[in-house]
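Give me the fold of what follows.
(one chain, ligands or ions: 1)
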Amino acid sequence: MNINRFSTENLAPTEWHTDDQIKEIDMQLYFPSCYSHLAPVVNDISTLTNDVSKVGDGRLDAEGLKTLAGLFDKAANLTDGDTAKGLRLRSDAIRNGYSTKIIEELNLLNDALSFVGGNISSWYGKHVGGFATCFATCTNVELTQTCDSVLWCKDMLHDYIAGINSRLSMLEIPKYVACDLVFMSGEGASHPKHIAYFLPEDEGFKCSPIKKTHYFSNVHCAQINKISAELLSEFSKHDYYGIDIVTLGALGVLGHEYGHFITLPETNFRIVSQNDRWSSIMYQEIAADVFGFLILAEVWGPMKGFPLEQSCTYYLGELLRYANRGFGRFPDSDGMLFQLNYLLHFSALEISKDYTKIRITDPELVVAAMRSLARCIIESLLKNDIKLLRDFELNFGVKSGLTEQLSPFLAQLGKKGVPSLSYQTQGI
Ligand SMILES: [Zn+2]
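As a prediction, the model looks like this:
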């Protein structure tokens, strides 16, 4: 089946691409050898969650959750220290639900290997609700420290955001932990792959006073090096040569996370969501991308020695990777297409005459255009102005005339399947 993923006809934002449209790219996950004795338990967890995610509604029922909790206990008995404590606390949460006490205790742990499992939230647009998933991560201490270090200069960030609009404020963001994924099973191992989970919200506990973002550095870097790099090399003359993509990727996602927490006093996303939920999510992702890019390019990049050109190349790679997923299946991708149209319209990006290449005309122009887009977002999304949001979407969204003009370039992108990672796990 060869469906044009860049068609604006019959957009039904419900399902992800079918397996025959996906071009799988192998990625190795390395389960730590010092925990190899957990292999039988981890394999049982994998079988349980994989089987459930393929049948019925894809959710663990009460019996399945009890089995998963029992397997977490079994793993706890085979480990010690904070890793064992973490497994026991999570098994308690799977059985009885989260309590603030469990979350507080989990937050104090320094567990070398961390397991998360249950019915975990997926992409908005792919499915509604949580699905059987289990994953394990090892914290990347150095990268987490690098991310923490940019947060020490909060005043600088606040001044920068106030420079865009003095009424903007930044809410407290969740703790950000950079880690490497070492095991994934169930729905989380299907397509497309997640690069971050928001806990305990994605586990179904929405009102926790303590929130943590688990950013999967190794998965994001594999997506950058195996997918974005390919797109850049095929469709542009830009590349990642000499760029520390591990740090830039972690800071880029952290910036995006910050972008989600920048608001005006009157901002109320529910007003926009009630009118059109898909569009609301898309605009919230655009806001996060735009503010995140500006923070990376103008605050943290200079602080950490990343020239503006590098931040722009990173951004263009991400833009191509998300836009390449097509229309109507993923709000982040529709949001990236919007940004692509905007940047092309204001000449910050340029497409070659034969529609085969895209280039950054001038990094300073990218910043100027993104500042301009930030102002559009402030006037529309952050002020709950539905009419203005509709107007912007007509001008720059997937169904706009600009998308029509871009179609020969999109046709080039669409000649290939949608690349997506496929996990191969070593060590269990
Ligand atoms: Zn986001």
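
use CA for all of it now, contacts and neighbours both
Will do.

biggest strand in the chain, by residue count?
Secondary structure assigned by DSSP state E gives strand 175-186 as the longest strand of the chain.

Partner strands of it, with direction?
strand 130-139 (antiparallel), strand 212-216 (parallel) (DSSP bridges).

Show me the shaky parts of this protein.
Residue ranges of the chain with pLDDT under 70: 1-3, 10-16, 124-129.

Please state the backbone phi and psi of the nearest residue to residue 288 once chain neighbours are set aside?
Leaving out its chain neighbours, the residue that sits closest to residue 288 by C-alpha to C-alpha, 6 or more residues apart in numbering is residue 259, at 3.8 Å. Taking degrees, to the nearest 10, you get phi -60, psi -30 for the backbone angles of residue 259.

List the contacts of residue 8.
327, 398, 399 (C-alpha atoms under 8 Å, 6 or more residues apart in numbering).

Give me the neighbour count for residue 96.
Residues within reach of residue 96, counting by other C-alpha atoms under 10 Å, total 11.

was I right about residue 320 contacting residue 229?
No - between residue 320 and residue 229 there is no contact under C-alpha atoms under 8 Å: 9.6 Å.

can you give me the strands in the stretch 301-428 of the chain?
For the stretch 301-428 of the chain, the strands defined by DSSP state E, counting those that start in this stretch cover 349-351, 358-360, 418-426.

With mean neighbour count and distance to residue 251 added, can I get these in JSON lines?
Converted to JSON lines, those look like this (neighbours: other C-alpha atoms under 10 Å; distance: least, C-alpha to C-alpha, whole Å):
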{"stretch": "strand 349-351", "mean neighbour count": "19", "distance to residue 251": "23"}
{"stretch": "strand 358-360", "mean neighbour count": "20", "distance to residue 251": "21"}
{"stretch": "strand 418-426", "mean neighbour count": "18", "distance to residue 251": "22"}
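
Could you dump the ones you listed into a markdown table with distance to residue 211 added?
Formatted as a markdown table, those follow (distance: least, C-alpha to C-alpha, whole Å):
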| stretch | distance to residue 211 |
| --- | --- |
| strand 349-351 | 37 |
| strand 358-360 | 37 |
| strand 418-426 | 27 |
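
what's the closest of those strands to residue 79?
Residue 79 sits nearest to strand 418-426 of all the strands of the stretch 301-428 of the chain, at 19.4 Å, using C-alpha to C-alpha.

Now do the helix or strand harbouring residue 67 against strand 130-139, angle only.
Element membership for residue 67 (DSSP states H and E) is helix 62-77. Helix 62-77 and strand 130-139 meet at an angle of 10 degrees, taking axes from the mean of the first three to the mean of the last three C-alpha atoms, to 10 degrees as the criterion.

For the helix or strand just after helix 62-77, which residues meet the burial criterion?
On the C-terminal side of helix 62-77, the nearest following helix or strand under DSSP H and E is helix 81-96. Buried positions in helix 81-96, judged by neighbour count with 16 or more other C-alpha atoms under 10 Å: 82-95.

Just the closest of those residues to residue 148, please.
Of these, the one sitting nearest to residue 148 (C-alpha to C-alpha) turns out to be residue 82, at 21.8 Å.

what's the distance between the closest one and residue 290?
Residue 82 is 38 Å from residue 290, where distance means C-alpha to C-alpha, to the nearest Å.

Residue 322 now?
Distance of residue 322 to residue 290, given as C-alpha to C-alpha: 14 Å.

so where do the helices sit in the stretch 201-350 of the chain?
Taking DSSP state H, counting those that start in this stretch, the helices of the stretch 201-350 of the chain run over residues 217-223, 229-235, 245-259, 269-275, 277-295, 301-304, 308-323, 331-345.

quick one: buried residues of the fifth one?
For helix 277-295, the neighbour count (16+ other C-alpha under 10 Å) marks 278-295 as buried.

What are the contacting residues of that helix?
Under C-alpha under 8 Å, 6+ apart, the answer for helix 277-295 is 125, 157, 252-260, 269, 272-273, 301, 311, 315, 331-332, 334-336, 338-339, 367, 370-371, 373-374, 377, 381.

Restricted to buried residues, select these in ChimeraX.
Here is the ChimeraX selection string for the buried members of those, based on 16+ other C-alpha under 10 Å:
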select :125,157,252,253,254,255,256,257,258,259,260,269,272,301,311,315,331,332,334,335,336,338,339,367,370,371,373,374,377,381
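
Go through stretch 146-164 and flag the buried ones.
If you call a residue buried by 16+ other C-alpha under 10 Å, then stretch 146-164 has these buried ones: 147, 150, 157, 160, 161.

meant to ask about stretch 235-244, not that
235, 236, 238, 239, 240.

List the contacts of the spatially closest residue to residue 168 that is not a sequence neighbour.
Counting by C-alpha to C-alpha, 6+ apart, residue 168 lies nearest to residue 264, which is 5.0 Å off, once chain neighbours are set aside. Applying C-alpha under 8 Å, 6+ apart, we find residue 264 in contact with 167, 168, 169, 378, 382, 383.

And the chain, what are its domain boundaries?
Structurally, the chain divides into domains by automatic domain parsing as follows: 23-150+172-234, 236-416.

Would you convert those into a markdown table that also reports distance to residue 5?
A markdown table is the format used below for the domains of the chain (distance: least, C-alpha to C-alpha, whole Å):
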| stretch | distance to residue 5 |
| --- | --- |
| domain 23-150+172-234 | 14 |
| domain 236-416 | 5 |
